[in-house]
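Engineer: return atomic coordinates for the entry below.
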Amino acid sequence: MKYEAIQSLRRKLANDQTTYGLWITLESPSITELAVELGVDWVVIDAEHGHLDWKEIVDHLRATVRSETVALVRIAELSAGLVKRTLDIGADGIVFPWIESADALRKAKQMAMYPPEGIRGIGGERATMFGLKLAEHTALANEHVLLIPIVETVATVAAIPAMCEVDGIDLFYFGPADFSSTAGFRGQWEGPGVAEQILAVKDELRKRGKQCGVIATSPENLLQRRDQGFRMIGLGSDVNLLARTLRDLLAKGR
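Structural biologist: Numbers count the residues shown, from 1 in each chain. Take a look at the predicted model:
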């Protein structure tokens, strides 16, 4: 866990600065190394979808060591075992999918906290420098760990006020495709009316002192999202950025 990088990201968000990051879905840690070199504020290593295994995830985490880039992992489900293992291997925080209530968010927080605040077990893995910094890490981890729920269902909208009451949760991310699916528009990024719903929830969250994130779909959309008040903007995922670039270059060449 990179405490200074986490503090830097939190300061930027507290000052209403926009931060930019990359979603990692491919195996090679060289992708994360390149993103770090280019100065992204954060990466999210996606362990919910796709095929990344634990060795590949830890390789991506290692690529952010001694940098100002915060390394987050999106886990597959709300599971104490997944939370514990993800934090033990050195993630700076966790992105939680499909959180639809304040109770679920409180459970997520408990899973990520050492006792007495939570139920996270203590292990001698990377996070504690294999036990060499056990006391230091366990003293600081609860205060610094970043916990980010994704708003990706219509059912979550009614729970937003209660979710905002959960201490220590200052950042919410949006999943437009899943939100659209639960609204009856499967396969669409933002189905009819979904864009307006997401913006309304974003406004409610910001009114309550929270910051919001979303993935941009194009350079133009990135600027639009920034102007809309999103402060944790994904530049895209590694594979989608590559696919879009190849598609556009092929179209121009042909």
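Engineer: and the longest helix for this protein?
Structural biologist: helix 238-253 (DSSP state H).
Engineer: show me what that one is in contact with.
Structural biologist: Residues outside helix 238-253 that contact it (Cβ atoms under 8 Å, 6 or more residues apart in numbering): 22-26, 31, 235-236. Where C-beta positions appear, they are placed from N, C-alpha and C, glycine not excepted.
Engineer: and that helix, which residues are buried?
Structural biologist: Using 16 or more other Cβ atoms under 10 Å as the test for burial, helix 238-253 gives residue 238.
Engineer: out of the contacts of helix 238-253, the closest to residue 155 would be?
Structural biologist: Minimum distance to residue 155 across those is 24.1 Å, recorded for residue 23 (Cβ to Cβ).
Engineer: what sits opposite the closest one in the beta ladder?
Structural biologist: Counting by DSSP bridges, residue 23 is bridged to residue 44, residue 237.
Engineer: one step back: distance from the longest helix of the chain to the middle of the chain?
Structural biologist: 25 Å (Cα atoms, centre = their mean, to the nearest Å).
Engineer: that older thread, reformat the contacts of helix 238-253 as TSV; add neighbour count.
Structural biologist: Listed next are the contacts of helix 238-253 as TSV, based on neighbours: other Cβ atoms under 10 Å:
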residue	neighbour count
22	25
23	22
24	29
25	19
26	18
31	20
235	18
236	21
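Engineer: so which of these is the closest to residue 210?
Structural biologist: Closest approach to residue 210 among these (Cβ to Cβ): residue 23, at 20.8 Å.
Engineer: isn't that closest one up against residue 47?
Structural biologist: No: between residue 23 and residue 47 there is no contact under Cβ atoms under 8 Å: 11.3 Å.
Engineer: against residue 246, how distant is residue 254?
Structural biologist: Going from residue 254 to residue 246 by Cβ to Cβ, to the nearest Å gives 12 Å.
Engineer: let me fix that, I meant to ask about residue 5.
Structural biologist: Remark: distance between residue 5 and residue 246 (Cβ to Cβ) = 32 Å.
Engineer: show me where the chain has helices.
Structural biologist: Assigned by DSSP H, the chain shows helices spanning 3-14, 29-38, 54-62, 80-88, 102-112, 134-144, 160-163, 176-182, 194-207, 219-228, 238-253.
Engineer: JSON lines please, covering those helices and showing mean pLDDT and distance to residue 119.
Structural biologist: Output for the helices of the chain, formatted as JSON lines (pLDDT from 0 to 100; distance: least, Cβ to Cβ, whole Å):
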{"stretch": "helix 3-14", "mean pLDDT": "97", "distance to residue 119": "22"}
{"stretch": "helix 29-38", "mean pLDDT": "98", "distance to residue 119": "30"}
{"stretch": "helix 54-62", "mean pLDDT": "98", "distance to residue 119": "21"}
{"stretch": "helix 80-88", "mean pLDDT": "97", "distance to residue 119": "6"}
{"stretch": "helix 102-112", "mean pLDDT": "98", "distance to residue 119": "5"}
{"stretch": "helix 134-144", "mean pLDDT": "96", "distance to residue 119": "12"}
{"stretch": "helix 160-163", "mean pLDDT": "98", "distance to residue 119": "20"}
{"stretch": "helix 176-182", "mean pLDDT": "97", "distance to residue 119": "28"}
{"stretch": "helix 194-207", "mean pLDDT": "98", "distance to residue 119": "27"}
{"stretch": "helix 219-228", "mean pLDDT": "97", "distance to residue 119": "36"}
{"stretch": "helix 238-253", "mean pLDDT": "96", "distance to residue 119": "33"}
